[in-house]
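Peer 1: mind folding the following:
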Amino acid sequence: MHLCLFEDDRVNRLRPLVESRPVYDLRLALRTIAETTRDAFASDGLVLHTRPSLAGSTAQAYPDALINTLPDGVDVLFVNGRFVADDESLIDRIQAQTETNDPRLFLHDDILVAAWLPDAAAHLSSDTLDRSALSPAAFDAPTTTVETATLVERPWDLLDTLPTALHRDVAARTTVPPAGALPSRHHATVHESVVAVDPGRIHLGTGAAIKPGAILNATDGPIVVDDNATIHERAVLNGPCYVGPKSQIKVGADIENSAFGYYCKVGGEVHDSILHSLSNKSHPGFLGHSYLGQWCNLGADTNTSNLKNDYGEVRAYAPADQQLVDTGRQFAGLFMGDHSKCGINTMFNTGTIVGTCCNVFGGDFPPRYLPPFSWGGPSQGFTTYRLDKALDVADTVMGRRDTALTDANATLLRDLFKRTEEERDQHHD
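Peer 2: Predicted structure coming up:
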């Protein structure tokens with residue numbers, strides 16, 4: 001059996017986080033959606049369906065997968081890329097169907113969650129995976145309606161799934177830590193002065209380093225400090241938390257209920273937030289109930305409001321809808337696309353959406369929505385960030401972490417720049 005993760009016609013509701021990646025690459029906690037789904041459904045091969053503009057970069061990220069192509073003579077389980085595989089009973093129902101020769105669709109509120117199609121290529125039109133979105137209409141099979149299924153719909157939905165994802169991912173990806181105090185774990189380096197509360201729920205990867213005076217409190221949930229990650233002096237981590245490989249938690253940081261992917265640098269106060277990977281919030285300042293993509297950088301003393309003064313529900317701009325929408329949340333902060341940066345003393349209002357490749361500087365609050373490739377600040381206004389300059393900066397930043405801006409990356413960003421010209425005309429001064 002092959003597993004095919006696909007994108008449907010609602011992925012754009014997750015902008016800006018999906019402007020430069022397929023939806024199944026969004027980080028949930030320790031794992032992405034794709035990793036969670038692949039762990040739930042064992043398969044012999046991987047097929048990835050994505051929007052044409054992302055095909056090149058997706059192929060680069062998944063060299064062993066087929067991109068927008070079905071193999072001949074193979075049974076395929078199609079799973080929605082927005083589906084979070086957190087319901088064991090539903091997973092078991094879908095898995096049981098794959099042990100039959102009977103095709104079947106699983107729908108929730110008329111949304112395709114999964115489709116089992118034996119000998120898929122023989123029953124689908126040759127251009128099925130060339131479409132930018134898949135829907136139930138693409139498949140001719142009986143349907144089963146499922147009452148519940150977790151499908152991320154908006155960027156802030158990822159904050160709702162974060163606490164349970166942290167617990168679920170620790171159970172799926174770690175083993176029981178060895179008994180005894182943290183300094184006795186010789187695969188890591190832990191100073192004798194480190195305070196560990198409930199050490200049986202603290203997981204340290206190979207080469208992890210915990211510096212003097214750090215406090216790791218796992219009373220409210222597990223803490224994972226992955227391979228070669230560093231927790232610096234006097235940093236405080238309150239679980240559940242995940243610190244990805246090579247990431248650094250800076251001196252005096254205050255971290256709670258958050259997940260940071262590969263090679264992030266995090267300082268100040270960060271609560272209930274996700275940094276996808278390769279992004280920095282190195283300095284003092286508050287980040288709460290927020291999600292940053294890759295290659296982002298927040299300048300020193302950047303602060304994010306995550307609660308309105310009247311304690312009311314936060315509204316946020318939805319680029320796909322071209323209007324403000326209710327988040328259903330009392331707490332919502334900053335949602336920032338890949339390769340975006342802000343200067344020192346930047347202040348982000350509740351429910352701010354910053355698109356891909358934005359450069360924000362100057363004090364005061366920028367607008368609550370900035371389209372991709374916005375450049376400027378509140379005092380002088382915003383204009384278009386020159387494409388050549390944006391690509392040069394991306395190349396420089398990626399090079400600092402031994403990564404190249406490939407032709408596929410650059411092509412993706414050029415395409416996004418062109419597709420969002422009208423948005424910039426509408427929103428810039």
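Peer 1: tell me how many other residues crowd the closest residue to Gly399 other than its chain neighbours.
Peer 2: Leaving out its chain neighbours, the residue that sits closest to Gly399 by Cβ to Cβ, 6 or more residues apart in numbering is Leu405, at 7.9 Å. For every residue, glycine as well, the C-beta is placed using N, CA and C. When counting by other Cβ atoms under 10 Å, one arrives at 19 neighbours for Leu405.
Peer 1: I'd say Leu405 and Ala390 touch.
Peer 2: No. Counting by Cβ atoms under 8 Å, Leu405 stays clear of Ala390, with 10.5 Å between them.
Peer 1: CA atoms of the lowest-mean-pLDDT helix or strand in the chain as PDB?
Peer 2: Among the helices and strands of the chain, helix 120-123 carries the lowest confidence by mean pLDDT, DSSP states H and E, at a mean of 89. Output for helix 120-123, consisting of C-alpha atoms alone and laid out as PDB, is shown next (Å, rounded to 0.1, in the frame of the first residue of the first chain):
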ATOM      1  CA  ALA A 120      -5.700   3.600  -7.800                       C
ATOM      2  CA  ALA A 121      -4.000   4.600 -11.100                       C
ATOM      3  CA  ALA A 122      -6.400   2.300 -13.000                       C
ATOM      4  CA  HIS A 123      -9.500   4.100 -11.600                       C
END
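Peer 1: and it, what's buried?
Peer 2: The neighbour-count criterion (16 or more other Cβ atoms under 10 Å) identifies Ala120, Ala121 as the buried residues of helix 120-123.
Peer 1: likewise stretch 196-210?
Peer 2: By neighbour count, with 16+ other Cβ under 10 Å as the criterion, the buried positions of stretch 196-210 are Ala196, Pro199, Arg201, Ile202, His203, Leu204, Gly205, Ala208, Ala209, Ile210.
Peer 1: returning to that earlier point: so what strands line up beside the next helix or strand after the least confident helix or strand of the chain?
Peer 2: Next along the chain after helix 120-123, taking DSSP states H and E as the criterion, comes strand 143-145. Listed by DSSP bridges, the sheet partners of strand 143-145 and their directions read strand 104-108 (parallel).
Peer 1: how distant is the strand it pairs with from the center of its chain?
Peer 2: Per Cα atoms, centre = their mean, to the nearest Å, the displacement of strand 104-108 from the mean C-alpha position of its chain is 26 Å.
Peer 1: now it: average pLDDT?
Peer 2: Over the span of strand 104-108, the pLDDT mean works out to 97.
Peer 1: repeat that for stretch 362-371.
Peer 2: Summarised as a single mean, pLDDT over stretch 362-371 is 92.
Peer 1: how about residues contacting the longest helix along the chain?
Peer 2: For the chain, the helix reaching the highest residue count under DSSP state H is reported as helix 157-173. Taking Cβ atoms under 8 Å, 6 or more residues apart in numbering as the criterion, the residues outside helix 157-173 that touch it are 17, 26-31, 36, 39, 84, 86, 150, 152, 203, 221-222, 224, 239-242, 257-259, 272-274, 289, 291, 329, 332.
Peer 1: give me the buried entries from those.
Peer 2: Buried positions within the contacts of helix 157-173, assessed by neighbour count (16+ other Cβ under 10 Å), are 17, 26-31, 36, 84, 86, 150, 152, 203, 221-222, 224, 239-242, 257-259, 272-274, 289, 291, 329, 332.
Peer 1: from Leu237, how far off is the nearest residue to Ala181 once chain neighbours are set aside?
Peer 2: The spatially closest residue to Ala181, leaving aside those adjacent along the chain, is Pro199, at 6.5 Å (Cβ to Cβ, 6+ apart). With distances taken as Cβ to Cβ, to the nearest Å, Pro199 is found 13 Å from Leu237.
Peer 1: burial count for Ala188?
Peer 2: Neighbours of Ala188 (other Cβ under 10 Å): 20.
Peer 1: so who does it touch?
Peer 2: For Ala188, the contacting residues are Leu182, Leu204, Gly205, Thr206, Gly207, Ala208, Ala209, Ile210, Val225, taking Cβ under 8 Å, 6+ apart as the criterion.
Peer 1: kindly reformat those residues as JSON lines containing distance to Gly312.
Peer 2: Formatted as JSON lines, the entries for these read as follows, by distance: Cβ to Cβ, whole Å:
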{"residue": "Leu182", "distance to Gly312": "43"}
{"residue": "Leu204", "distance to Gly312": "42"}
{"residue": "Gly205", "distance to Gly312": "41"}
{"residue": "Thr206", "distance to Gly312": "47"}
{"residue": "Gly207", "distance to Gly312": "46"}
{"residue": "Ala208", "distance to Gly312": "41"}
{"residue": "Ala209", "distance to Gly312": "43"}
{"residue": "Ile210", "distance to Gly312": "40"}
{"residue": "Val225", "distance to Gly312": "37"}
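Peer 1: pLDDT averaged over stretch 271-284, what's the number?
Peer 2: The predicted model gives stretch 271-284 an average pLDDT of 97.
Peer 1: can I assume Leu48 is in contact with Gln60?
Peer 2: No. With contact defined as Cβ under 8 Å, Leu48 and Gln60 do not form a contacting pair (11.7 Å).
Peer 1: among those two, which residue is more densely surrounded?
Peer 2: With neighbours defined as other Cβ under 10 Å, Leu48 and Gln60 compare such that Leu48 has more, 26 against 14.
Peer 1: not counting residues beside it along the chain, what's closest to that one?
Peer 2: Here the residue nearest Leu48, using Cβ to Cβ, 6+ apart, is Ala65, at 5.0 Å.
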